[in-house]
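**Q** the sequence and its predicted three-dimensional model are supplied below.
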Amino acid sequence: MTVAEMLEKIDEPLELAGRKFRSRLILGTGKYKDNETMVKAIEASGTEIVTVAVRRVDLDRTKEEGVLYHLDPDRWALLPNTAGCYTADDSVRYARTLVADGFKVLAYTNEDLITALKLEEAGVAAVMPLASPIGSGLGLLNPFNVRLITSRLGVPVIVDAGVGTASDACMTMEQGVDGILMNTAVAAAKDPVRMALAMRYATESGRLAYLAGRMPKREQATPSSPTAGMLD
């Protein structure tokens, strides 16, 4: 039985904005050397959601050189983002990401609990705190705050930005978050397809570890094979 098959039996799917997904990994579409590599990496990752920057992407699906030409909306849910927008006015103009307008907003934010709670109160579909600065690859810098946000919010918590390699993804999922969004970690790897596959298994592994519940940490060694009851 594969990890994915095991997860399907023992874990609920990720639910975002009324839709259910088996994969808890969301992948970006920027920074790849070409569209062929992008598609192969997306396929290897097992993701069901890909995100595209509406300000940087040609929205004409008929152009083969464009990103959207290669992304079948029947296969992947397309999540527009406001990358490249540097003011609130730009973000609203390009994506109209307003809860009041009926859109399902996944709000990118820092790892501050109060901000996360205010975003939930505003009606967002998910809160997306960063692991570390976007594009840095520094991994999860503040696991305590991420765990705190996850424990207090009722909406899904998707960590977005800062994951650099598979161990980062695994550690992040072990905090109990609902999923991870990444781009640079895969696209900027020497072999994006292999890294995408590694991220897939790391995300699934971290989720399984969280569900299993780790052993308590101890300062003294406790052997797994005690001396009591040993045969002479």
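**A** That came in fine, so what should we check first?

**Q** which element is G135 on?
**A** Using DSSP states H and E, G135 sits within no helix or strand.

**Q** what pLDDT, on average, does stretch 175-195 get?
**A** The predicted model assigns stretch 175-195 a mean pLDDT of 95.

**Q** what are the buried residues along it?
**A** 175-187, 189, 192-193, 195 (16 or more other CB atoms under 10 Å). All C-beta spots, glycine's among them, are computed from the backbone N, C-alpha and C.

**Q** strands - which of these land there?
**A** The strands, defined by DSSP state E, take in 179-182 from the buried residues of stretch 175-195.

**Q** need the residues you listed in CSV with distance to V159, can you?
**A** Shown next, in CSV, are these (distance: CB to CB, whole Å):
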residue, distance to V159
G179, 8
I180, 5
L181, 7
M182, 9
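
**Q** and which of these is nearest T87?
**A** Of all these, L181 has the smallest distance to T87: 22.2 Å, by CB to CB.

**Q** relative to I10, how far out is the closest one?
**A** Applying CB to CB, to the nearest Å, the value for L181 to I10 is 24 Å.

**Q** low-confidence ranges, the protein, go.
**A** 3-4, 54-69, 83-86, 90-96, 98-101, 223, 225-232 (pLDDT under 70).

**Q** top helix in it by residue count?
**A** In the chain, taking DSSP state H as the definition, the longest helix is helix 192-212.

**Q** quick one: the strands in this protein?
**A** For the chain, the strands defined by DSSP E cover 14-16, 19-21, 25-28, 49-53, 77-81, 106-109, 126-129, 158-160, 179-182.

**Q** what residues sit buried inside the second one?
**A** What that stands for is strand 19-21. Neighbour-count burial for strand 19-21 flags F21 (criterion: 16+ other CB under 10 Å).

**Q** what distance separates that strand from the centre of its chain?
**A** Here the centre of mass of C-alpha atoms in strand 19-21, compared against the chain's by CA atoms, centre = their mean, to the nearest Å, lies 14 Å away.

**Q** nearest spatial neighbour of S132, skipping sequence neighbours?
**A** Excluding the flanking residues, the one nearest S132 by CB to CB, 6 or more residues apart in numbering is G162, at 3.2 Å.

**Q** who are the contact partners of that neighbour?
**A** Applying CB atoms under 8 Å, 6 or more residues apart in numbering to G162 gives the contacts 130-134, 136-141, 168.

**Q** ranges for the helices of this structure?
**A** Along the chain, counting by DSSP H, helices occupy 3-10, 35-45, 88-95, 113-122, 143-152, 166-173, 184-187, 192-212.

**Q** of all the ones you listed, which lies closest to W76?
**A** Of all the helices of the chain, helix 35-45 sits nearest to W76, with 7.0 Å by CB to CB.

**Q** if I look at the residue nearest in space to the middle of the chain, how far off is E36?
**A** Per CA atoms, centre = their mean, the C-alpha nearest to the average position across the chain is that of I180, at 1.4 Å. Separation of I180 from E36 (CB to CB): 24 Å.

**Q** sorry, back to before: ranking the contacts of G162 by neighbours, who comes first?
**A** The most crowded member of those, judged by other CB atoms under 10 Å, is A131 (29 neighbours).

**Q** who are the contact partners of that one?
**A** The contact partners of A131, by CB under 8 Å, 6+ apart, come to 138-141, 146, 159-163, 168, 172.

**Q** now it: how far from M173?
**A** For A131, the distance to M173 (CB to CB) stands at 11 Å.

**Q** what do you get for P133?
**A** 20 Å.

**Q** same question, Y210
**A** Between Y210 and M173 the computed distance is 6 Å (CB to CB).

**Q** same check on T109?
**A** To M173, T109 is 19 Å away according to CB to CB.
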